[in-house]
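K.L.:
Would you be able to build a 3D model of this:
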Amino acid sequence: MANTYNWKINALDAKISNEDGNENVIYTIHWGYSATDESGDHVASSIGTHGVEYDADNFTPYADLTEEQVIGWLEAGLDVEAMKAGLDSQIEKLITPTETTFHSPFAPEPIVEEPATEE
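P.N.:
Predicted coordinates for the structure are as follows:
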């Protein structure tokens with residue numbers, strides 16, 4: 001089964017300025033990562049944050065950042081193969097469930113009051 005994986009950059013936290021005088025210095029990436037199976041019927045996703053270290057020698061101004069560059073930071077700092085394996089497992093469980101949840105058979109039935117009728 002070949003799943004398709006996609007990044008989504010949800011937000012970027014930035015320092016308004018730093019000691020070098022650079023502005024809008026990214027320090028946290030809020031991300032989403034999803035997998036979709038070949039049929040498109042089953043989707044699994046994960047969200048998280050990833051801290052980015054400031055590097056004065058390789059600083060990119062916020063206005064010049066690309067999505068590809070930010071995704072590159074994520075892929076360099078996260079265990080993407082393990083994330084894919086986890087998403088694949090979630091999709092497999094959607095396709096072939098091995099567990100279910102039963103609502104409590106011991107909960108009292110809700111009382112439904114009939115509306116008053118005029119005679």
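
K.L.:
Would you mind listing the buried residues in the longest helix along the chain?
P.N.:
Longest helix of the chain, by residue count under DSSP state H: helix 80-95. For helix 80-95, the neighbour count (16 or more other CB atoms under 10 Å) marks Met83, Leu87, Asp88, Gln90, Ile91, Glu92 as buried. Every C-beta, even on glycine, is put in place using the N, C-alpha and C of the backbone.

K.L.:
any idea how far the third one is from Leu12?
P.N.:
Applying CB to CB, to the nearest Å, one obtains 28 Å for the distance of Asp88 from Leu12.

K.L.:
Check the fifth one too.
P.N.:
The gap separating Ile91 from Leu12 is 28 Å, by CB to CB.

K.L.:
do the fourth one as well
P.N.:
Distance, Gln90 to Leu12, by CB to CB: 26 Å.

K.L.:
so His50 makes contact with Gly32?
P.N.:
No. His50 is beyond contact range of Gly32, at 11.7 Å (criterion: CB atoms under 8 Å).

K.L.:
For this protein, which segments are assigned as strands?
P.N.:
Along the chain, counting by DSSP state E, strands occupy 4-17, 23-36, 43-51.

K.L.:
low pLDDT regions in the chain?
P.N.:
Judged by pLDDT under 70, the chain has its weakly predicted residues at 1, 119.
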